[in-house]
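Q: Need coordinates for the below:
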Amino acid sequence: MNRYKFAIIFVLLIAVFCNGQSIGVENLRQEAQLTQKKPDLMGRMLAMDKLKHFTFSLYTTTTGYYIMNRMVETEYKQAYLYSAGFSLYLGLGKEGHDLKSDQGTFSFLDIVADLAGTAFGILIIDRIDNG
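A: From the prediction side, this is the model:
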């Protein structure tokens, strides 16, 4: 039953963050446009792009673990290390590409969101398989 409680809490948390109005991101953007100032650090952290980085890292960590552990039958510790490493590799690689490219913009906060998503994925894996 603990697994289901954790999953329900996680889904509700994501639902709250997916709705920009409930956390005031739209208000921050409108205020920034009116005053021609950038949003503060909290406003930039809660931007939709950061949520995309967080959920992508969470998804690649948990899916990579599932594939490695359940399908390829790799040991628990090795599977979650590989999946976390792969997730971080993709996130850092994307930011490295943005740094060299004119099309994207490098953001240290994107890296923080990638790290947080990967860490949360490891937490979920640990709770499910060792909980």
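
Q: contacts, neighbours, all on C-alpha from now
A: Fine.

Q: Run through the helices of this protein in chain order.
A: Assigned helices in the chain, in chain order: 2-18, 20-23, 25-35, 41-45, 48-66, 76-100, 108-130 (criterion: DSSP state H).

Q: Lowest average pLDDT across the ones you listed?
A: Lowest mean pLDDT within these: helix 20-23, a mean of 42.

Q: So for stretch 75-93, what gets flagged as buried?
A: 76, 79-80, 82-88, 91-92 (16 or more other Cα atoms under 10 Å).

Q: Put together a markdown table for those residues, with distance to L58 on each row.
A: As requested, those are exported to a markdown table (distance: Cα to Cα, whole Å):
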| residue | distance to L58 |
| --- | --- |
| Y76 | 17 |
| A79 | 15 |
| Y80 | 12 |
| Y82 | 14 |
| S83 | 10 |
| A84 | 9 |
| G85 | 12 |
| F86 | 11 |
| S87 | 8 |
| L88 | 10 |
| G91 | 11 |
| L92 | 14 |
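
Q: And L109, how far from Y59?
A: Distance of L109 to Y59, given as Cα to Cα, to the nearest Å: 18 Å.

Q: can you check R127 too?
A: 16 Å.

Q: ok, now G104?
A: 22 Å.

Q: Of the two, give the one with the bigger neighbour count.
A: Counted by other Cα atoms under 10 Å, G104 and Y59 do not tie: Y59 has more neighbours, with 17 against 13.

Q: what's the burial count for the closest residue to the more buried one other than its chain neighbours?
A: Excluding the flanking residues, the one nearest Y59 by Cα to Cα, 6 or more residues apart in numbering is G121, at 7.4 Å. G121 has 26 neighbouring residues, counting by other Cα under 10 Å.

Q: same deal with Y65?
A: Using other Cα under 10 Å: Y65 sits among 26 other residues.

Q: Touching, it and Q78? I think so.
A: No: using Cα atoms under 8 Å, Y65 is not in contact with Q78, being 9.1 Å away.
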